[in-house]
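> below is the sequence, then the predicted model.
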Amino acid sequence: MSNNKKYAVTVAGGGSTFTPGIALMLLEERDRFPIRKIMFYDNDAERQEIVAKACEIYLKENAPDIEFGYTTDPETAFTDIDFVLAHIRVGKYAMREKDEKIPLKYGVVGQETCGPGGIAYGMRSIGGVLEILDYMETYSPNAWMLNYSNPAAIVAEATRRLRPNSKILNICDMPIDLEEKMANMVGLSSRKEMQVGYYGLNHFGWWHKIYDKDGNDLMPAIKEHMAANGFADALSQTNQHVDQSWIETFQKARDVYAVDPSTIPNTYLKYYLFPDYVVEHSNPEYTRANEVMDGREKHVFGMCRDIIAKGTAKDCGFEADAHATYIVDLACAIAENTRERFLLIVPNEGAVENFDRTAMVEIPCIVGSNGYERICQGAIPQFQKGLMEQQVSVEKLAVEAWIEGSYQKLWQALTLSKTVPSARVAKLILDDLIEANKDYWPELK
Ligand code: NAD
Ligand code: G6P
Ligand code: MN
């Protein structure tokens with residue numbers, strides 16, 4: 001960093017399975033993003049303490065100059081900070097499991113961010129994310145929040161409606177991983193050697209242009225790979241999307257691609273275009289939440305407990321999340337006005353010409369110290385427009401339902417989801433979800 005400033009960062013969701021990887025990544029990137037303070041904040045003291053105590057030991061051994069703290073007190077967490085990195089999961093994995101299993105009972109896709117499960121998660125997340133944004137604005141009014149708490153599409157629409165002037169950037173890591181894979185397909189060492197055109201909603205978008213630095217069109221070569229193996233034959237430097245279920249998702253992208261071979265799809269479109277396949281290949285007794293609890297959660301918390309028991313983090317297995325360096329890129333863009341390009345989830349305002357101006361779309365933006373500028377993507381084809389009109393209405397109705405406490409609007413949101421076959425099934429699922437979420441959702445009338 002050229003301005004010699006050192007930054008203070010609060011990680012909201014300190015007890016997240018991703019927190020150690022993010023903290024180590026921040027340490028590794030200190031040359032370009034110098035840090036003076038890292039704070040963890042969570043509303044579950046016990047869960048956070050395990051992660052935080054282990055990270056405290058790691059930081060003492062590897063970066064004693066950095067001030068470190070962890071707390072459940074908002075004032076302590078959000079005073080004197082420059083950035084909030086937010087990755088909270090309201091209701092934790094226990095509720096993710098319900099989001100995934102309840103729709104499956106009715107033969108409907110059970111997924112964290114897509115379909116009824118995503119709507120249910122959205123109804124929990126909105127309040128949690130708004131609360132953190134408000135704490136940040138109260139105690140550090142100049143700070144920026146980089147939010148990747150899910151479901152990002154619904155959370156972003158809620159912040160557009162309810163906190164339109166707040167300094168929050170909503171971002172997703174799925175395109176980052178997929179762009180790394182596409183760069184690998186064409187023999188480039190990094191996605192940063194590509195310039196892309198992309199439009200859609202979060203977890204619901206398409207690449208329509210990909211060039212290298214000299215302006216050569218990379219789409220033909222990438223399409224050949226997609227037609228043969230989807231994203232499955234390409235590598236990327238992430239330890240996140242490596243489980244068997246992810247590998248199957250990367251393979252299935254071949255069929256998703258076949259529906260519109262003029263674009264490259266985001267992997268999440270499989271839930272909307274092949275819901276019958278997804279349901280047939282789901283185990284209603286053991287979903288992704290179970291895999292994550294038995295896998296990543298056990299692994300991360302196991303390492304943390306081990307560090308605490310030994311009193312040292314030497315050879316502990318902690319690894320920096322290389323994939324998450326995009327968060328530092330984004331922080332640097334704001335702090336140092338780098339004007340780098342990112343796919344962000346922002347109000348459309350005409351960037352997708354023939355689409356709702358008030359929709360939160362995922363598009364390339366240039367980011368600098370005054371925020372973002374959209375890069376226009378022009379008019380989109382009828383197929384994508386039709387899908388996006390339907391999905392954005394689901395997201396808007398869910399947010400309206402949260403704001404107004406409206407049962408009717410939430411029923412409409414579920415009914416409109418392409419993953420749900422009828423208003424009858426939507427109601428059955430909704431009534432189960434209401435019961436399961438009574439501690440988290442506003443009361444619906
Ligand atoms: P996790 O359950 O391990 O961690 C989430 C933490 O948030 C928990 O410790 C929980 O106690 C805490 N929390 C819940 N509600 C809170 C609140 N109101 N205030 C403060 N803390 C609260 O979950 P995880 O699997 O590590 O994922 C964390 C989040 O990151 C999820 O929202 C996930 O969907 C998201 N995520 C997003 C991307 C992306 O691309 N956008 C990528 C990976 C993960
Ligand atoms: C991708 C998405 C995230 C999502 C994550 C789920 O990275 O972009 O938004 O949270 O996958 O991964 P998991 O391993 O928890 O199923
Ligand atoms: Mn995402």
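Arrived safely, thanks for sending. Residues are numbered from 1 along each chain as shown. Ligands and ions are numbered 1, 2, ... in the order given.
> tell me who's in contact with the closest residue to ligand 2 within the stretch 301-445 of the chain.
The minimum distance from the stretch 301-445 of the chain to ligand 2, using C-beta to the nearest ligand atom, falls at residue 323 (8.6 Å). Glycine gets a C-beta too; all of them are placed from N, C-alpha and C. Taking C-beta atoms under 8 Å, 6 or more residues apart in numbering, we find residue 323 in contact with 173, 176-177, 180, 236-240.
> mind checking what secondary structure it has?
Under DSSP: H, G, I helix; E, B strand; the rest coil, residue 323 falls in the helix class.
> per-residue pLDDT, the spatially closest residue to residue 166 that is not a sequence neighbour?
Excluding its sequence neighbours, the residue lying closest to residue 166 (C-beta to C-beta, 6 or more residues apart in numbering) is residue 133, at 5.5 Å. On pLDDT, residue 133 comes in at 98.
> ok, so what distance separates residue 39 from residue 18?
For residue 39, the distance to residue 18 equals 16 Å [C-beta to C-beta, to the nearest Å].
> quick one: furthest residue from the center of the chain?
Most distant from the centre of the chain: residue 310, at 33.6 Å, with distances by C-alpha atoms, centre = their mean.
> how close does it get to residue 58?
Separation of residue 310 from residue 58 (C-beta to C-beta) stands at 12 Å.
> and residue 402, by the same measure?
Distance from residue 402 to residue 58, counting by C-beta to C-beta: 38 Å.
> next: residue 199.
Separation of residue 199 from residue 58 (C-beta to C-beta): 41 Å.
> where along the stretch 101-250 of the chain do the helices fall?
Remark: helices assigned in the stretch 101-250 of the chain by DSSP state H, counting those that start in this stretch are 115-139, 152-162, 174-185, 219-229, 244-259.
> dump the ones you listed into CSV; add mean neighbour count as well.
Putting these into CSV (neighbours: other C-beta atoms under 10 Å) gives the following:
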stretch, mean neighbour count
helix 115-139, 24
helix 152-162, 24
helix 174-185, 22
helix 219-229, 16
helix 244-259, 17
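> picking that back up, which ones among the contacts of residue 323 also lie next to ligand 2?
173, 240 (C-beta under 6 Å from any ligand atom).
> going by distance to residue 255, which of the contacts of residue 323 wins?
Distance to residue 255, by C-beta to C-beta, is smallest for residue 177 among the contacts of residue 323, at 19.2 Å.
> please list all residues in contact with the residue of the chain found nearest ligand 3.
For the chain and ligand 3, the shortest gap (C-beta to the ion) falls at residue 172, measuring 3.3 Å. By C-beta under 8 Å, 6+ apart, the residues touching residue 172 are 148, 152, 202-203, 343, 345, 362.
> so which of the residues you listed is the most crowded?
Among the contacts of residue 172, the one with the most neighbours (other C-beta atoms under 10 Å) is residue 202, at 30 neighbours.
> find the nearest non-adjacent residue to it, please.
Nearest in space to residue 202, with sequence neighbours left out and distances taken as C-beta to C-beta, 6+ apart, is residue 153 at 3.9 Å.
> one more: residue 400?
Of all residues not flanking residue 400 in the chain, residue 409 sits nearest, at 5.0 Å (C-beta to C-beta, 6+ apart).
> if I pick the one you found, what's in contact with it?
Neighbouring residues of residue 409 by C-beta under 8 Å, 6+ apart: 397-398, 400-401.
> those residues of the protein touching ligand 2, which are they?
Residues of the chain lying near ligand 2 (C-beta under 6 Å from any ligand atom): 150, 172-174, 240, 288, 292.
> possible to save the residues you listed as TSV with pLDDT?
As requested, the residues of the chain next to ligand 2 are arranged in TSV below (pLDDT from 0 to 100):
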residue	pLDDT
150	98
172	98
173	96
174	97
240	83
288	98
292	98
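> circling back to that earlier point, biggest separation within the contacts of residue 409, which pair?
Spatial extent of these (C-beta to C-beta) is set by the pair 398 and 400 at 7.4 Å.
> quick check: phi and psi on the residue of the chain closest to ligand 3?
Note on residue 172: backbone dihedrals following degrees, to the nearest 10 are phi -130, psi 150.
> can I take it that residue 365 is in a strand?
Yes: judged by three-state DSSP, residue 365 forms part of a strand.
> and the closest residue to it other than its chain neighbours, what does it touch?
Of all residues not flanking residue 365 in the chain, residue 372 sits nearest, at 4.0 Å (C-beta to C-beta, 6+ apart). By C-beta under 8 Å, 6+ apart, the contact list for residue 372 reads 169, 342, 344, 346, 365-366.
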